[in-house]
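[1] Below are the sequence and a predicted model for it; my questions follow.
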Amino acid sequence: MTAKPAIGLERVKRWLYAKGLEERSSGCVLCGSCYGHGPVNPMEDNPGFKTKCPPYEFYRFQRFTPKSRWLMSQRVFHGLDSITPELKEIIYTCTTCLMCQEICGVRNDGYGPWDITVAMREEITEKEGPLEAHRPLLEGLKLHNNPWSQPKSERGKWAKGLSVKKLGEEKASTLLFAGCSADRPEGRAAAVALAKIMKAAGEDFVILGEEEKCCGLYACDLGFRSEYHRLQEENLKIIKEAGVKRLVIACGSCRRIWQDYPREEMGSVEVLHGVEYVERLLQAGRLKLTKTINKKVTYHDPCHLGRGCGVYEAPRRILNAIPGIELTEMERNRRWAWCCGGGGGVPEAFPDLAQWNAEDRMREAKQTGADLLLTTSAVCIRNLNRAQPNLEIRELLEFICQAI
Ligand code: SF4
Ligand code: SF4
């Protein structure tokens, strides 16, 4: 029997607090860089923007910074503090934008303040259960394998009428992974567009249809670690048994989660987002973007596809390949892109913060003078629409489809 993996602060013990003097510099050094109030990391050429951590910018209290989350977690780990309602609020206002992780230079093993926030969420969930606002998401995962509690019969409905092959009925080494957003009519655009693009390129691929389960995004980011392990194991079993060699994913957040599945389990299975796949098709001459679209557009980098996976240039190169498109950048772009506020369970638990974040991002988008904003994450589209913007928001893969 394999040992139960460590959960919560025990899982991050090594990085949380280094006891020996020689290891001290591998813990938080209180520099303040992760929320824009510290020295520039000497490894950086460019300090980026001062606005780094959304909850800190919204509440403007030190306790909402990544640094404070790290320090509070240390105190809980050592039994100096207990889990109070205030501490829970601070830990759960993180939008999981990954900015602090990108900036904090204190560790050289890839771990950082965001990992500690997530581990603290695990600690809270293990000891006290989830926040009330997040309970339906956990129940949905447990009962229906998706956070929205959509019944199994809804899964795969997005592909109705597209004549795509289903794993189980047919075989192929390339799998289109749609993601849970495609369970709901308003989140289907990316999966539908990706299937059309793959068909246009003559790709031999399958989908999972009703058998698809959540990749584990909400389970991972909200601290439902046991559920995350379950979903990960079941997903790995499906792709291994089917002999899948490549996953093409319609969602930026699923792309991040699949990328973080254990390498030793994934083996040589390749993980790509739809935009990375489209870029390859264009380079190989298997797809042509021939229709002219005379529009000025701006692109919002979803945090999980950008900072989480390092995919910044593929969407821009594709847009620049569409005749008639003028791409204009928001001030905060690529690795400094400002979060939409839609991640980490924040819209469910702290709607005011999610609303402010969306409005702030849409204000920036509007300042570019673009006719529309493009992005490729159903989470971002849903939250940015909260701002009731007077600027059209479109799914990038769907937009690309129009240019074929
Ligand atoms: S978490 Fe990292 S960047 Fe933030 S204060 Fe601590 S050492 Fe500095
Ligand atoms: S992931 Fe983003 S929101 Fe969360 S603590 Fe880090 S900078 Fe703040």
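    Good, I have the coordinates. Everything quoted here is computed from the prediction, not taken from an experiment. Numbering: from 1, shown residues only. Ligands and ions are numbered 1, 2, ... in the order given.

[2] Does Glu203 touch Thr174 like I think?
    Yes: with contact defined as C-beta atoms under 8 Å, Glu203 and Thr174 form a contacting pair (6.2 Å). For the C-beta atoms, the positions are set from N, CA and C on the backbone; glycine is no exception.

[3] Now tell me what touches the helix or strand where Arg280 lies from outside.
    Using DSSP states H and E, Arg280 falls within helix 274-283. Identification of contacts with helix 274-283 by C-beta atoms under 8 Å, 6 or more residues apart in numbering yields 190, 193-194, 197-198, 201, 248-250, 272, 287-289, 305, 311, 314-315, 317-318, 321, 376, 396-397, 400.

[4] Narrow those to those in helices?
    The helices, defined by DSSP state H, take in 190, 193-194, 197-198, 314-315, 317-318, 321, 396-397, 400 from the contacts of helix 274-283.

[5] Leaving out chain neighbours, which residue sits closest to Leu141?
    Glu227 (5.3 Å; C-beta to C-beta, 6 or more residues apart in numbering).

[6] for the one you found, what are its contacts?
    With C-beta under 8 Å, 6+ apart, Glu227 has these contacts: Leu138, Leu141, Lys142, Gly216, Ala219.

[7] Any chance of JSON lines for those residues, columns neighbour count?
    Formatted as JSON lines, those follow (neighbours: other C-beta atoms under 10 Å):
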{"residue": "Leu138", "neighbour count": "20"}
{"residue": "Leu141", "neighbour count": "26"}
{"residue": "Lys142", "neighbour count": "13"}
{"residue": "Gly216", "neighbour count": "25"}
{"residue": "Ala219", "neighbour count": "25"}
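
[8] Restricted to helices, list those.
    Leu138, Leu141, Lys142, Ala219.

[9] still on that earlier bit, now the residue nearest to Leu141: how far from Val29?
    From Glu227 across to Val29, the span is 34 Å (C-beta to C-beta, to the nearest Å).

[10] repeat for Arg286
    49 Å.

[11] how about low-confidence regions in the protein?
    Along the chain, the parts satisfying pLDDT under 70 run over 1-3, 17-26, 40-43, 108.

[12] all strands of the chain, in order?
    Per DSSP state E, the chain carries strands over the ranges 165-166, 174-177, 205-207, 246-249, 270-273, 295-299, 325-327, 372-375, 392-395.

[13] what's in contact with the fifth one?
    Applying C-beta under 8 Å, 6+ apart, the external contacts of strand 270-273 come out as 245-249, 251-252, 255, 258-259, 280, 305, 309, 311, 314, 376.

[14] Flag every buried residue along it.
    Val271, Leu272, His273 (16 or more other C-beta atoms under 10 Å).

[15] partners of it, with directions?
    Strands that pair with strand 270-273, judged by DSSP bridges, come out as strand 246-249 (parallel).

[16] Next up, the contacts around Cys380.
    Gly252, His300, Pro302, Cys340, Gly342.

[17] from the stretch 301-404 of the chain, which residue is nearest to ligand 1?
    Arg307 (14.4 Å; C-beta to the nearest ligand atom).

[18] nearest spatial neighbour of that residue, skipping sequence neighbours?
    Counting by C-beta to C-beta, 6+ apart, Leu98 is the residue found nearest to Arg307 once chain neighbours are left out, at 4.1 Å.

[19] Point out the residues in the stretch 201-350 of the chain that sit beside ligand 1.
    With C-beta under 6 Å from any ligand atom as the criterion, the stretch 201-350 of the chain does not come near ligand 1 at any residue.

[20] could you flag which of the contacts of helix 274-283 are buried?
    190, 193-194, 197-198, 201, 248-250, 272, 287, 289, 305, 311, 314-315, 318, 321, 376, 396-397, 400.

[21] How about residues contacting stretch 157-166?
    Counting by C-beta under 8 Å, 6+ apart, 156, 172, 176, 178, 182-183, 188, 191-192, 195-196, 199, 205-209 sit against stretch 157-166.

[22] May I see the PyMOL selection of the buried members of the residues you listed?
    Typed into PyMOL, the next command selects the buried ones out of the contacts of stretch 157-166 (criterion: 16+ other C-beta under 10 Å):
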select buried, resi 156+172+176+178+182+183+188+191+192+195+196+205+206+207+208+209
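
[23] can you narrow the contacts of stretch 157-166 to ones near ligand 2?
    Okay, of the contacts of stretch 157-166, nothing touches ligand 2 (C-beta under 6 Å from any ligand atom).

[24] and which of the ones in helices among the contacts of Glu227 is nearest to ligand 1?
    Nearest member of the ones in helices among the contacts of Glu227 to ligand 1, counting by C-beta to the nearest ligand atom, is Ala219, at 24.5 Å.

[25] Hmm, the closest one is touching Glu234, no?
    No: using C-beta under 8 Å, Ala219 makes no contact with Glu234, being 11.7 Å away.

[26] how many neighbours does Leu30 have?
    Other residues within reach of Leu30, judged by other C-beta atoms under 10 Å, total 12.

[27] what does the one 3 residues further on give?
    As a burial measure, Ser33 scores 23 neighbours (other C-beta under 10 Å).

[28] Next: Glu313.
    Neighbours of Glu313 (other C-beta under 10 Å): 13.

[29] and if you look at Arg60?
    Residues lying near Arg60 (other C-beta under 10 Å) number 8.

[30] do the same with the one 10 residues further on
    Neighbourhood size, Trp70 [other C-beta under 10 Å]: 27.

[31] Look up phi and psi at the closest residue to it other than its chain neighbours.
    Using C-beta to C-beta, 6+ apart and skipping residues adjacent in sequence, the residue nearest Trp70 is Cys28, 4.4 Å away. Torsion angles at Cys28 (phi, psi; degrees, to the nearest 10) stand at phi -60, psi 130.

[32] show me what contacts Cys28?
    Per C-beta under 8 Å, 6+ apart, neighbours of Cys28: Lys67, Trp70, Leu71, Cys104, Val106, Pro113.

[33] Can you sort out which of those residues also neighbour ligand 2?
    With C-beta under 6 Å from any ligand atom as the criterion, the contacts of Cys28 include Pro113 near ligand 2.

[34] Reformat the contacts of Cys28 as TSV; add distance to ligand 1.
    Listed next are the contacts of Cys28 as TSV, based on distance: C-beta to the nearest ligand atom, whole Å:
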residue	distance to ligand 1
Lys67	4
Trp70	5
Leu71	8
Cys104	3
Val106	4
Pro113	4
